[in-house]
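> Need a 3D model of the sequence below.
(chains A and B)
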Amino acid sequence: MDAFRAILGKDLRVELRTLESVPAMLLFAVATFVLFRYGLDRTSLAGGLAAGVLLATILFAAVLGIGRLFVAERDDGGFDAIRLAPVDPTALWAAKAAALVIYLAVLEALALPLFAIFFLDGAAALPPLAGVLLLADAGLAATGATVSAMAARSRARDLLVPLVLLPLLVPVMIAAAGAAEPLLAAGGPSYSGVGKWLAVLGLYDLTFIAVGWAVFDFLVED
Amino acid sequence: MASPTGPIEVEQPPARPEPAGAAPAVAARGLRRDYGERVALRGVGFELERGATLAVIGPNGAGKTTLLRVLATLLRPTAGELRVLGCELPREAWRARGRLGYLGHAPLLYRDLTVAENLRLAARLHRLAGAEARIEALLAQAGLAERAHELVRNLSAGLAQRAAACRAVLHEPELLLLDEPLAHLDPEAAARLEPLIGAGGGRTRVVVSHDPEAALGEADRVLALTASGTVAYEGPAAGLSPGDARAIYAATGGGGA
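Numbering: from 1, shown residues only, chains lettered A, B, ... in the order given. Got it, this is the predicted structure:
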């Protein structure tokens, strides 16, 4: 547990110092909102379209952060340094996934109000939407940390992350959009059918946390 | 001394008395490591007693760094038997980790952390108690006390190498694996690091070097690898003259005889 905290603390310290991931993710999200706003030529969105715009934006912004998750481990020899220490390498995976959840939470805390300004008639949907996104973040982080570790050691890593990650994240997109759609209904948030999609998200999270936990050792070992 | 191209025979010094039952720090037999089609190490075997220094010499591409990374548990041998500190590798790598100190070509330091932050992180990963005093002492010894709060990315290669040496010995490893440890260092820095990574204090060390004469000066045993990853010479360093050292190096295909 101390190794997990040490690596997570290191990652957050480096992010605060370099501002390389979260600001890029936020700028990407804002730019995408602007593109949707003028591309769709709509000042107000609701239901499935609103959910799709929000979740596609968050998902693609997350890909930016996921691609950078293991850059320091690859470039600075962090993989070797951690493997030389008497710690379970899975602590590295867990710390990276936790760091990504924090990055996504910060992104969403800033992007959701902007989304409301760009596309919504009110802010009533934001609190329940935040809950849906947090559950989606856990799945994004578990899958993202696993794929990012796999790609980090490949020369084609910039291609591998989106090519491998996006198909794996289709269930997250479907379930999160399914849960968000009634929350973004035109007449105000509705909770009908939300529970079913949250259960799907939870199941996805548990599955990919277990997969990441099980395979990470094999990804970092020679 | 035999012809440099043939088997090299050196007069054997009297065997050093070993404590009864003391297992060697490293015992390798028939070690092989492939990178795809290319064979980097081929049938490498040697033993290293505790407290002794093994100098590994050979030309570029002889597999010296590969051997060190295999010993450090960072690479798996493709074939052969290997025991490091009593642990069978790669099966018991987890038992050996934390007891090894590795100083390779890359400093294994995060460039966006300061020197002190890097050492504190290493201390936490190695679960060291009272690490702050040890870190201060190491930085003072390495001449880095004034640079402790500088980002590693702002250090010269020599200063980064000093910081890397501090990281490698922070947890007082039982076996030091050093890959050209004095690269990038000026003579003063090399002298400063001597108490940390030198042969004194009965440390067990494997030292990769391109300078056969310098390597022999501080080695108990010598392992010379050829460009094809085979062993050209494996034996004690005592009794080898500088001429022998050059002949051994020439036998590896490294020239210089």
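> Name the next helix or strand downstream of whatever helix or strand A:Asp11 lives in, please.
Assigned by DSSP states H and E, A:Asp11 belongs to helix A:2-18. Per DSSP H and E, the first helix or strand lying C-terminal to helix A:2-18 is helix A:22-40.
> Can you list the neighbours in contact with that following helix?
A:15, A:43, A:49, A:53, A:56-58, A:60-62, A:64-65, A:103-104, A:106-107, A:110-111, A:114-115, A:118-119 (CB atoms under 8 Å, 6 or more residues apart in numbering or on different chains). Where you see a C-beta, it was placed from the backbone N, CA and C, and this is true even at glycine.
> can you do 7 Å?
With CB atoms under 7 Å, 6 or more residues apart in numbering or on different chains as the test, helix A:22-40 has contacts from A:15, A:53, A:57, A:60-61, A:64-65, A:103, A:106-107, A:110-111, A:114-115, A:118.
> What about contact with chain A: does the top helix by length along chain B have any residue there?
Counting residues, the longest helix found in chain B (DSSP state H) is helix B:157-169. No: Helix B:157-169 does not reach chain A (CB under 7 Å from any CB of the partner chain); its nearest approach is 7.7 Å.
> Next, A:Tyr191: phi, psi?
Backbone dihedrals for A:Tyr191, given as degrees, to the nearest 10, come out at phi -110, psi 10.
> quick one: it and A:Ala123, what's the gap?
A:Tyr191 sits at a distance of 17 Å from A:Ala123 (criterion: CB to CB, to the nearest Å).
> for B:Arg76, same thing?
Distance check for B:Arg76 against A:Ala123: by CB to CB, it reads 55 Å.
> Would you state the helices of the chain in chain order?
Unless you meant another one, I'm taking chain A. Under DSSP H, chain A gives helices at A:2-18, A:22-40, A:47-68, A:71-75, A:78-83, A:90-119, A:126-152, A:157-168, A:170-183, A:194-220.
> ah, no, chain B please
Counting by DSSP H, the helices of chain B are B:64-71, B:93-96, B:115-125, B:131-141, B:157-169, B:187-197, B:212-217, B:242-251.
> is it possible to export these to a markdown table including mean pLDDT?
Formatted as a markdown table, these follow (pLDDT from 0 to 100):
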| stretch | mean pLDDT |
| --- | --- |
| helix B:64-71 | 95 |
| helix B:93-96 | 90 |
| helix B:115-125 | 96 |
| helix B:131-141 | 94 |
| helix B:157-169 | 95 |
| helix B:187-197 | 90 |
| helix B:212-217 | 81 |
| helix B:242-251 | 83 |
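> Now render those as a markdown table, adding mean neighbour count.
Conversion of the helices of chain B to a markdown table gives the following (neighbours: other CB atoms under 10 Å in any protein chain shown):
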| stretch | mean neighbour count |
| --- | --- |
| helix B:64-71 | 24 |
| helix B:93-96 | 18 |
| helix B:115-125 | 23 |
| helix B:131-141 | 16 |
| helix B:157-169 | 23 |
| helix B:187-197 | 16 |
| helix B:212-217 | 19 |
| helix B:242-251 | 21 |
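> can you count the residues close to the nearest residue to A:Leu112 once chain neighbours are set aside?
Nearest non-adjacent residue to A:Leu112, counting by CB to CB, 6 or more residues apart in numbering or on different chains: A:Leu126, 5.4 Å away. As a burial measure, A:Leu126 scores 18 neighbours (other CB atoms under 10 Å in any protein chain shown).
> Contact residues of the stretch 1-150 of chain B facing chain A?
B:72, B:74-76, B:97-98, B:100, B:102, B:106, B:108-113, B:121-122, B:124-127.
> between the helices of chain B, which gets nearest to B:Leu223?
Judged by CB to CB, the one of these that comes nearest to B:Leu223 is helix B:64-71, at 8.0 Å.
> I'd say B:Leu176 and B:Gly202 touch.
No: using CB atoms under 7 Å, B:Leu176 is not in contact with B:Gly202, being 11.5 Å away.
> Run the angle between the helix holding A:Asp11 and helix A:22-40 for me.
Compare the direction of helix A:2-18 with that of helix A:22-40 by axes from the mean of the first three to the mean of the last three CA atoms, to 10 degrees and you get 60 degrees.
> touching chain B at all, helix A:2-18?
Yes: using CB under 7 Å from any CB, a contact is recorded between helix A:2-18 and chain B, made by A:Asp2, A:Ala3, A:Ala6, A:Lys10, A:Val14, A:Arg17, A:Thr18.
> Dump these to a markdown table, plus neighbour count.
Formatted as a markdown table, the residues of helix A:2-18 next to chain B follow (neighbours: other CB under 10 Å):
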| residue | neighbour count |
| --- | --- |
| A:Asp2 | 11 |
| A:Ala3 | 23 |
| A:Ala6 | 22 |
| A:Lys10 | 23 |
| A:Val14 | 21 |
| A:Arg17 | 13 |
| A:Thr18 | 13 |
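> Among the residues you listed, list the two that are farthest apart in space.
A:Asp2 and A:Thr18, at 24.3 Å, using CB to CB across the residues of helix A:2-18 next to chain B.
> pLDDT score for residue 174?
Using chain A here. In this model, A:Ile174 is scored at 96, pLDDT.
> nope, chain B please
94.
> Kindly provide the distance from the closest residue to it other than its chain neighbours to A:Ala152.
Leaving out its chain neighbours, the residue that sits closest to B:Glu174 by CB to CB, 6+ apart is B:Arg99, at 4.7 Å. Computed as CB to CB, the B:Arg99 to A:Ala152 distance reads 27 Å.
> what's the answer for B:Thr252, then?
Distance of B:Thr252 to A:Ala152, given as CB to CB: 35 Å.
> and what of A:Ala56?
Distance from A:Ala56 to A:Ala152, by CB to CB: 25 Å.
> Compare those two (neighbour count), which wins?
A:Ala152 (21 against 14).
> Spit out the contact partners of the more buried one.
For A:Ala152, the residues meeting the contact criterion (CB under 7 Å, 6+ apart) are A:Phe70, A:Glu73, A:Arg74.
> What about the nearest residue to B:Ala157 once chain neighbours are set aside, how many residues nearby?
Spatially, and ignoring its direct neighbours in sequence, B:Ala157 is nearest to B:His184 (4.2 Å; CB to CB, 6+ apart). By the criterion of other CB under 10 Å, B:His184 has 18 neighbours.
> Over in chain B, which residue gets nearest chain A? Let me know.
Chain B approaches chain A most closely through B:Gly98 (3.1 Å), counting by CB to the nearest CB.
> Now that residue: closest residue in space that isn't a chain neighbour?
A:Pro86 (3.1 Å).
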